[in-house]
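**Q** Predicted model, plus sequence, below.
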Amino acid sequence: MTNEQGQVTHYVQMERDITEELRLRSQLIHSERLSAVGQLVSGVAHELNNPLQSILGFTELLIDAEERPELRRDLEQVRSEAIRAGKIVRNLLAFVRRSSSERTMVGINDIVKTTISLRSYEFGSANIRLFESYGEGLPAVVINPEEIQQVILNLILNAEQAMRSAHRGGTLTVTTKCVDTMVTIEIQDDGPGVPAALAGRVFEPFFSTKEVGEGTGLGLSIAMGIAEAHGGALTLVPTEKGACFRLSLPAVDPEVGLPIPTLVTAHRQ
């Protein structure tokens, strides 16, 4: 703006926040890439499944007929590798089959406790201490219980493996609470953690920090897909020690404005 003498006296500055636009654009590019990968993976997985089943079937027949111990050992190794390859194929198919499924209204604490009970024996044998912290009065969530159990179990198994590789045991902390309109489950270990340089890649398909042959690199990607299909999220939470993953799920009727519940803690060894 100028005065009567034509001198500039004021400026008008206009700004537009494009943060959300950039986020949506990045999300669209990511979705398109996953769609392309999904189509490729689905075709490859189906093509591999039939010959793998044939290899497994013929190997089992040969094992039954073979009497020489050294050859039986070799054949059993072939069978073991065929089974592992079949598991990879199933994981590939699970990765691209993120379809909606039947859901029900449940309390997340019950789902978490049931999942933990599946590993209670292994915790003891692996010298892993379990610390549980469950929110009281948490709002319900509408989920497919089996799929959410799969996510939680995957996170627990990853934590177990990380702690075993680091110091043959450790402490696993599981926490549930309500934050704003989301019910959250946090699973934290005191293992080696995720290097900062790799933190942004942990949810990428086929990316893994495990030794070759110990993982397919699809577990966290599948888990994230399940979380997002439920309207939630799976995130890696920065922590000083170990790794902490947070699964967030929408609470039923978030507009009601449910209060943040208090925590009741329990220690089990």
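**A** Yep, that arrived.

**Q** Show me where this protein has its strands.
**A** 104-106, 128-135, 141-143, 170-179, 182-188, 233-237, 244-250, 263-268 (DSSP state E).

**Q** Each with direction, which strands does the first one pair with?
**A** This means strand 104-106. strand 141-143 (antiparallel) (DSSP bridges).

**Q** buried sites along the partner strand?
**A** Buried residues in strand 141-143, counted by 16 or more other C-beta atoms under 10 Å: V141, I143. For the C-beta atoms, the positions are set from N, CA and C on the backbone; glycine is no exception.

**Q** what residues does that strand touch?
**A** 103-108, 111, 183, 230, 249-252 (C-beta atoms under 8 Å, 6 or more residues apart in numbering).

**Q** one step back: what's the closest of the strands of the chain to G200?
**A** strand 233-237 (8.8 Å; C-beta to C-beta).

**Q** pLDDT weak spots in this structure?
**A** Within the chain, the stretches with pLDDT under 70 are 16, 18, 20-42, 91-101, 199, 206-217, 254-269.

**Q** Please parse it into its domains.
**A** Here the domain parsing of the chain from the TED database is 18-95, 104-250.

**Q** How many neighbouring residues does R119 have?
**A** For R119, the count of nearby residues is 18 (other C-beta atoms under 10 Å).

**Q** scratch that, I226
**A** By other C-beta under 10 Å, the residues close to I226 number 23.

**Q** re the thing from before, redo the strands of the chain as JSON lines? Include distance to P195.
**A** Output for the strands of the chain, formatted as JSON lines (distance: least, C-beta to C-beta, whole Å):
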{"stretch": "strand 104-106", "distance to P195": "36"}
{"stretch": "strand 128-135", "distance to P195": "22"}
{"stretch": "strand 141-143", "distance to P195": "32"}
{"stretch": "strand 170-179", "distance to P195": "18"}
{"stretch": "strand 182-188", "distance to P195": "17"}
{"stretch": "strand 233-237", "distance to P195": "11"}
{"stretch": "strand 244-250", "distance to P195": "15"}
{"stretch": "strand 263-268", "distance to P195": "30"}
